[in-house]
Each structure stands twice: as structure tokens, then as C-alpha cells.
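Colleague: starting from these lines, generate the structure:
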Amino acid sequence: MTPYPGGQVSGQLTLGDLALPSAPNPLFASTSADLALDSALWGQPVVFDNHFQVHADELTEVPLPENGGVTDDGKTITMHLRPDLRWSDNQPIQAADFRFWWRLNQDPQTGAILRSGYDQIDSIETPDTLTVVLHMKRPFGPYLFYLPLAAPEHAWGHLRPIDLQNIVSIYQAPQVTSGPYQVERFEPGKRYVLTPNHAYHSTLFHGPYLAGITYQVYSSAQTLAQAVRQGTVTIAQGYQEPDLPLLRGLPGQVQQVSVPTASYAHLDLNLDHPLLQDLRVRQALQAAIDVCGLLHDVLKDSACQRRVNQVEPSPSLYYDAALPSAKYDSALARRLLAQAGWKTNRTGILEKNSQPFMLRLVTTSQDPVRLAVAQALERDLRAIGIQLTITTYDLNSFFGLSTRGGVLATGKFDLALFTYFNGPEPDEAYSVFHSSQVPGEQQPGGSNYGRVRDAQLDQALEQGRSLVAFSARREAYQRFLTRLNAQVYMLPLYCELNLLTVDAHLHNVFPDANPSLNTWNISDWWLSS
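Modeller: Modelled structure (predicted):
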């Protein structure tokens, strides 16, 4: 972190993006752009940095079992507020504001985007203006990710929860906020203009240092890159890998920044398919794929640095460095398939009981890089006698709910190629791999698209969710990772990149392993002349 040399705020920053925030309010935020602006407008009890380490923001310390912030075997969590917290209208932020936010979050009339997790809080007590006591329904491992934020009860308390989404000064351009910057002007579909919130204080951050921020939306990566070349954009995000050619030959003062994300592009295996229920077949698929060759040929990663071998890739604190990466071994793949009863026919395709070995791979459309990856997988599998057909779908069709015929949710695939982006909390894996999360009538929003049903995985995920001590949670999740890899329920391939352009005069930008959180420390950004 480079200390700010000046005394007064200075410098006008333009942040360019391909999407404009639609609801920069933590109750309603649902997009990467919403979350990016949230970091500027709202303080949080705790904040996770770009290495997924947790720090106090509005609290005096992170509540942990080790410091007495978590007691009663995890059922009581105490948050101690900084005494100097104030809203942007200079009113004090008090304990009651955190309880007010939680009540709004849990009220169905509010329409909050994320209620799950916060529903593990049974009640909130505020013994004084600086103390918030959470009484949990049960010990809840991910509690740090679900500490309630504050909402300005003095400004919103007279309103009906059902009306909040219809008020521009709350939903689209909130006027009473708690972060380092505040909304001065909102131009729908174009930009947000922010000014410093001089009432802001934080345990971790020291700004704001900028005199103004403009969050500007651009219609395409081409127009965004052109604005960067013209010097009208200070920092830009939202680029995808196919946009890399647009970023060649940038002006000397502009840096292209490329950061590996905590993500895993992977193949989901549909375990309801009888073919894929044989472990030897799954192991053969794994051995047949030349991941490093794919990275070299398609992603131009000659050193194979972007390979991932687990669903908790670095910088996750739950990453297991001891897990081995599968080796490319087409001969082993053929032996495993022979053991499983597959023989090569006259056309070079494997068959068993007169049935050819054919698989259907689905992925998203309008992504030339992902299609090239799918075609590389097709070549690798064809080399051992497996015929692969590739079908692409738009995002809504691909990820849609089972009630809407979504391809993944309804299981209309054998292999599915897509990417999960992780945050700091490993409990995200529960919705992806727990047997209760298989999509269907009882669970239309479940994300266990691979139809994984494994009692050992379930037990480890449940323990990770119910334990609050970090060491105990880490042990549970590493058992989960070991079992997942041993059973080859999915095939992790590589991580995606977080791509930005940053003017050299802008300091303290530390892009996040989750691209939605690049502005996590925007309070401490500053511009040199």
C-alpha cells in the first residue's frame, strides 16, 4: 500500500466498465457492477482483501473465537462498532442500524437478493449503541460472510419495506450511505458521479483521497479500449479473454493488468448418465485430457500456470497444496476403458454391447475461447475413441432454473463446460456438491448440476458449515476436496483471468481474485499528478 502524500483530496478518476450498476445497495445488489459500486458507497462490518484475508472495517476487531467475539460454541457473535462511524448525512451509525438492516433483509416484502445465510441469525440484541450481539439458530461456519450491514434507520425507518425498490434515492442512487464516497449525480444508463464522504471512518482504510469518481459505462469492449487509449478512462474493468487483442499497443502510461482469479473452468459430469457412473470411465476421461497442451494451444499459457486441480484454487485459505494434479496419459485412459469393457470398433470409436461411446458436451455461446477449449477437448477424447458432440446455448438457456427448462438444471447434457468464480467463503461448495442441491421439483434453484450424491461429501460439507473454528473448518473442507478429486466427480481445468487497464498515475489498485471485488479498497486509491 503506497501512502497518500497529500493532505487534501484531489484528482478526478473515471472507472470504465461494460455494465452500469442497477442497484448499488447491499440489500439489492446482484451484478458485478453493483458490487463494485457498493465498495465505494457502503462500509461493512468486515472486509475481505484481495488475498481473501479478513479485516475489520466498521468494527474494532474481527469477531473470532480466539478474541471472545464468538462464544457459546458459535451461537453468540458480538460485533463492537467503532465509536466514530457516521452516515454521509453526518448522523451517527449505531447498533440499531445493523439490526434494522437485518430485519429488512429478512422481510419478504423488501425483496432482498440474498436472504439465505442471514436467516441463520435468530435474533439481534443491541445492549448499547456500539454493540451488536447476534444470536444464531445454530453454530454457523460462514458467519463472517453474513454479518449484517447497517441501514440508515433514521432515513428509511418510516418507509414500508415493499416501497424501497421504487425509491431512486434508496435503490438506484442511495443518498444516505456509509462508505468512502457518496452519490452526487446519477444519469440513468450512463454514469454515476461520486464525491468524498468526509464523515467516513474505517479500521482498515484511510481515505477517501480522490476529489471525485465517475463510474462510466461503455457499450462494448472496443469503445472502452478506445476511451482508454484517448486517456479519458483511468481504470477499466469488464474485459474478457477474447478482448485481449484490443489491449495490444496501449499508451505507455497505461498498464494492462492480468490477475488469476479464484475460479475453475471445468467439466461437469452428469452422474445420472449410466456411462459416467463407472469410476474407471471418469478416471479415463481425466487421463485423456492434456490440460497443459490445451492451455498452451488455446490460452497461450506455455508454462501451464493457469491450471487448477481443485474447486478451492489459490488464494483460497482452504486450498490444499497436497492434492496432486492428474497426469495426461492416453495409454492409461485406454487401459481403464478396456477394463470397463470398452473395445475399439472398425471406425476407431469405442463401443460396448454394440453401443458406441458418444458424449454430448454443452457450453455457452458467443465465447470463442470457450468454444476453442471445447474443440481441444473433442480432439483429446477422439484420440482414445470417444466421440464428442458440442452444443452451445445462450446464458439464459444454459443456466436457467429447472422450472424454465435450463440445460444444466434439467440435466440435458453429458459433459458441461463452464466456470465457477469463488469468493472467500468455501460454503459456496454446498450448493454445488451437496446431494440436497440436485435441481428438481423440490430444489428448482439447486446448483448440483452434476447430480453428485456422496455421503462422505455431504458429511464434510455439513461439518464445514457447522464449525466456526478455522482449523476445524479447514480440515473438513480438505476432506471434501480429497474425496471429490479421488472420485473424479468433475474435471477442473484452468482459472480465468481478471483483466484490467490501469493508468500509471493511479495508486493502490490491487485487483481481486474475484473480479466483482476489484474496488474492495477504493477508499485508499489516489492519483498522482
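Colleague: quick one, what contacts the closest residue to residue 393 other than its chain neighbours?
Modeller: Excluding the flanking residues, the one nearest residue 393 by Cβ to Cβ, 6 or more residues apart in numbering is residue 407, at 5.5 Å. For every residue, glycine as well, the C-beta is placed using N, CA and C. Residue 407 makes contacts with 362, 393, 397, 398, 400, 413, 416, as judged by Cβ atoms under 8 Å, 6 or more residues apart in numbering.
Colleague: again, 7 Å this time
Modeller: 362, 393, 397, 398, 413 (Cβ atoms under 7 Å, 6 or more residues apart in numbering).
Colleague: show me which pair in the residues you listed is furthest apart.
Modeller: The two members of the contacts of residue 407 with the most space between them (Cβ to Cβ) are 397 and 413, at 11.8 Å.
Colleague: between those two, who's got more neighbours?
Modeller: Counted by other Cβ atoms under 10 Å, residue 397 and residue 413 do not tie: residue 413 has more neighbours, with 23 against 17.
Colleague: re earlier: go through the contacts of residue 407 and flag which are in strands.
Modeller: Using DSSP state E, the members of those that fall in strands are 362, 393.
Colleague: packing partners for the host helix or strand of residue 216?
Modeller: With secondary structure defined by DSSP states H and E, residue 216 is part of strand 212-217. Helices and strands touching strand 212-217, as assessed by 3 or more Cβ pairs under 7 Å, 6 or more residues apart in numbering; DSSP states H and E, comprise strand 12-17, strand 191-196.
Colleague: and the next helix or strand after the first one, what does it pack onto?
Modeller: Yep, that's strand 12-17 we're talking about. Sequence order places helix 32-41 as the next helix or strand after strand 12-17, per DSSP H and E. Counting contacts by 3+ Cβ pairs under 7 Å, 6+ apart, helix 32-41 is packed against strand 181-187.
Colleague: dump the strand it packs on to CSV, restricted to CA.
Modeller: The C-alpha coordinates for strand 181-187 follow below in CSV (Å, rounded to 0.1, in the frame of the first residue of the first chain):
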residue,chain,number,x,y,z
TYR,A,181,-17.8,8.1,-1.4
GLN,A,182,-21.4,9.3,-1.9
VAL,A,183,-23.6,9.7,-5.0
GLU,A,184,-23.6,13.3,-6.2
ARG,A,185,-25.3,12.6,-9.6
PHE,A,186,-26.9,9.7,-11.3
GLU,A,187,-27.5,9.6,-15.0
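Colleague: returning to that earlier point: and the residue nearest to residue 393, what helix or strand is that in?
Modeller: Residue 407 is part of no helix or strand when elements are defined by DSSP H and E.
Colleague: show the contacting residues for residue 182.
Modeller: By Cβ under 7 Å, 6+ apart, the contact list for residue 182 reads 41, 88, 194, 195, 197.
Colleague: change it to 6 Å
Modeller: Counting by Cβ atoms under 6 Å, 6 or more residues apart in numbering, residue 182 makes contact with 88, 197.
Colleague: what of residue 449?
Modeller: By Cβ under 6 Å, 6+ apart, the contact set of residue 449 is 268, 408.
Colleague: sec struct for the closest residue to residue 470 other than its chain neighbours, please.
Modeller: Nearest non-adjacent residue to residue 470, counting by Cβ to Cβ, 6+ apart: residue 317, 7.6 Å away. Under DSSP: H, G, I helix; E, B strand; the rest coil, residue 317 falls in the coil class.
Colleague: and residue 74, what are its phi and psi?
Modeller: phi 100, psi 0 (degrees, to the nearest 10).
Colleague: from residue 229, how far out is residue 221?
Modeller: Residue 221 sits 13 Å away from residue 229, taking Cβ to Cβ, to the nearest Å as the criterion.
Colleague: out of the two, which sits in the busier spot?
Modeller: Applying other Cβ under 10 Å to residue 221 and residue 229 shows that residue 221 carries more neighbours, namely 20 against 16.
Colleague: does that one touch residue 242 like I think?
Modeller: No. Assessed by Cβ atoms under 6 Å, residue 221 is found out of contact with residue 242, at 8.3 Å.
Colleague: can you list the domains in this protein?
Modeller: As assigned by automatic domain parsing, the chain contains the domains 12-258+498-527, 263-494.
Colleague: okay, these in a markdown table with mean pLDDT next?
Modeller: Listed next are these as a markdown table, based on pLDDT from 0 to 100:
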| stretch | mean pLDDT |
| --- | --- |
| domain 12-258+498-527 | 97 |
| domain 263-494 | 96 |
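Colleague: any idea which of the ones you listed gets closest to residue 2?
Modeller: Closest to residue 2 of those is domain 12-258+498-527 (Cβ to Cβ; 4.7 Å).
Colleague: who's in contact with residue 217?
Modeller: 17, 20 are the contacts of residue 217 under Cβ under 6 Å, 6+ apart.
Colleague: report the contact partners of residue 82.
Modeller: residue 60.
Colleague: distance check, it against residue 47.
Modeller: Residue 82 is 13 Å from residue 47, by Cβ to Cβ.
Colleague: tell me, how many residues neighbour the residue nearest to residue 85 when sequence neighbours are not counted?
Modeller: Among residues not flanking residue 85 along the chain, residue 93 sits closest, at 3.8 Å (Cβ to Cβ, 6+ apart). Neighbour count of residue 93, defined by other Cβ under 10 Å: 25.
Colleague: do you know the pLDDT at residue 4?
Modeller: pLDDT recorded at residue 4 is 88.
Colleague: so who does it touch?
Modeller: 209, 526.
Colleague: then residue 28?
Modeller: By Cβ under 6 Å, 6+ apart, the residues touching residue 28 are residue 113.
Colleague: gap between the residue lying closest to residue 428 once chain neighbours are set aside and residue 312?
Modeller: If you skip the residues right next to it in sequence, residue 428 has residue 422 as its closest partner in space, 6.2 Å away by Cβ to Cβ, 6+ apart. Per Cβ to Cβ, residue 422 is found 7 Å from residue 312.
Colleague: need the contact list for the residue nearest to residue 85.
Modeller: By Cβ under 6 Å, 6+ apart, the residues touching residue 93 are 85, 87, 150.
Colleague: 7 Å instead?
Modeller: Residue 93 makes contacts with 85, 86, 87, 150, 178, as judged by Cβ under 7 Å, 6+ apart.
Colleague: and residue 118, its phi and psi?
Modeller: Residue 118 adopts backbone torsions of phi -70, psi -20, taken as degrees, to the nearest 10.
Colleague: likewise for residue 76?
Modeller: The phi/psi pair for residue 76 (degrees, to the nearest 10) reads phi -130, psi 130.
Colleague: just to revisit the earlier point, make JSON lines from the helices and strands packed on strand 212-217 and add distance to residue 356 and mean neighbour count to it.
Modeller: Shown next, in JSON lines, are the helices and strands packed on strand 212-217 (distance: least, Cβ to Cβ, whole Å; neighbours: other Cβ atoms under 10 Å):
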{"stretch": "strand 12-17", "distance to residue 356": "47", "mean neighbour count": "21"}
{"stretch": "strand 191-196", "distance to residue 356": "56", "mean neighbour count": "21"}
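Colleague: who wins for proximity to residue 348 among the ones you listed?
Modeller: Closest to residue 348 of those, according to Cβ to Cβ: strand 12-17, at 48.5 Å.
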